[in-house]
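K.L.:
Got a predicted model here, sequence first, then my questions.
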Amino acid sequence: MLRNIFDVAHSWTARSNKKNRPEIDFRKGVSFWNDSVTESWKYCQTYPENLVICEYEKLYSDTPEYYHKLLAWLGVDFFSENENYFEKTLEKSKKLREKSRENSEEAHAYITEHADIDTANKLAEKFGL
């Protein structure tokens, strides 16, 4: 799953503040994200038919089409339990989107300098995102 790095960093900082664990702030989020996109890129070079990359923001959008496409790729039939899960997840996502998602200037500068945007862009391009 490919997620916007600025949202990832904000989530890690929010978790850090909520759990009073400063060691898991935006810097750790950027590091984790970089490792994830790098490993995904390596894997898709080796096993392209066994990997699909989906966008976090599209998966949790207001329409189920993207969710249906992912289920189809996985070979999972869409049924009422899927629909219920999707609806519950969508409600949670809507609540989260209503909250402010801005990073501090320090976090923004760090992300701009350290995030592996090039690899993420290669993944997005390869999977038509």
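P.N.:
Sure thing, it's come through. In this text the structure is predicted, and so the values were computed from the model without any measurement.
K.L.:
In stretch 108-117, which residues are buried?
P.N.:
For stretch 108-117, a neighbour-count test (16 or more other CB atoms under 10 Å) marks 110, 111, 114, 115, 116 as buried. C-beta here means a position set from N, CA and C on the backbone, and glycine is covered the same way.
K.L.:
same thing with stretch 41-49?
P.N.:
Neighbour counts over stretch 41-49 (16+ other CB under 10 Å) mark 41, 44 as buried.
K.L.:
For that stretch, give the mean pLDDT please.
P.N.:
Taken as a whole, stretch 41-49 has a mean pLDDT of 91.
K.L.:
which residues touch that stretch?
P.N.:
The contact list for stretch 41-49 (CB atoms under 8 Å, 6 or more residues apart in numbering) reads 50, 51, 53, 119, 122, 123, 126.
K.L.:
Closest to residue 10 out of the buried residues of stretch 108-117?
P.N.:
Nearest to residue 10 among the buried residues of stretch 108-117, counting by CB to CB, is residue 111 at 9.7 Å.
K.L.:
For the one helix or strand in the chain whose mean pLDDT sits lowest, list the C-alpha coordinates in PDB.
P.N.:
Using mean pLDDT, DSSP states H and E, the weakest-scoring helix or strand in the chain turns out to be helix 80-98, at a mean of 74. Only the C-alpha atoms of helix 80-98 are listed here, as PDB (Å, rounded to 0.1, in the frame of the first residue of the first chain):
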ATOM      1  CA  SER A  80     -21.900  -8.900   2.400                       C
ATOM      2  CA  GLU A  81     -19.100  -9.300   5.000                       C
ATOM      3  CA  ASN A  82     -16.700  -7.400   2.700                       C
ATOM      4  CA  GLU A  83     -19.400  -4.700   2.300                       C
ATOM      5  CA  ASN A  84     -19.800  -4.300   6.000                       C
ATOM      6  CA  TYR A  85     -16.100  -4.100   6.600                       C
ATOM      7  CA  PHE A  86     -15.700  -1.500   3.900                       C
ATOM      8  CA  GLU A  87     -18.600   0.600   5.300                       C
ATOM      9  CA  LYS A  88     -17.100   0.500   8.800                       C
ATOM     10  CA  THR A  89     -13.700   1.400   7.500                       C
ATOM     11  CA  LEU A  90     -15.000   4.200   5.400                       C
ATOM     12  CA  GLU A  91     -16.800   5.700   8.400                       C
ATOM     13  CA  LYS A  92     -13.500   5.600  10.400                       C
ATOM     14  CA  SER A  93     -11.600   7.100   7.500                       C
ATOM     15  CA  LYS A  94     -14.100  10.000   7.100                       C
ATOM     16  CA  LYS A  95     -13.700  10.900  10.800                       C
ATOM     17  CA  LEU A  96      -9.900  10.800  10.400                       C
ATOM     18  CA  ARG A  97     -10.000  13.000   7.300                       C
ATOM     19  CA  GLU A  98     -12.000  15.600   9.200                       C
END
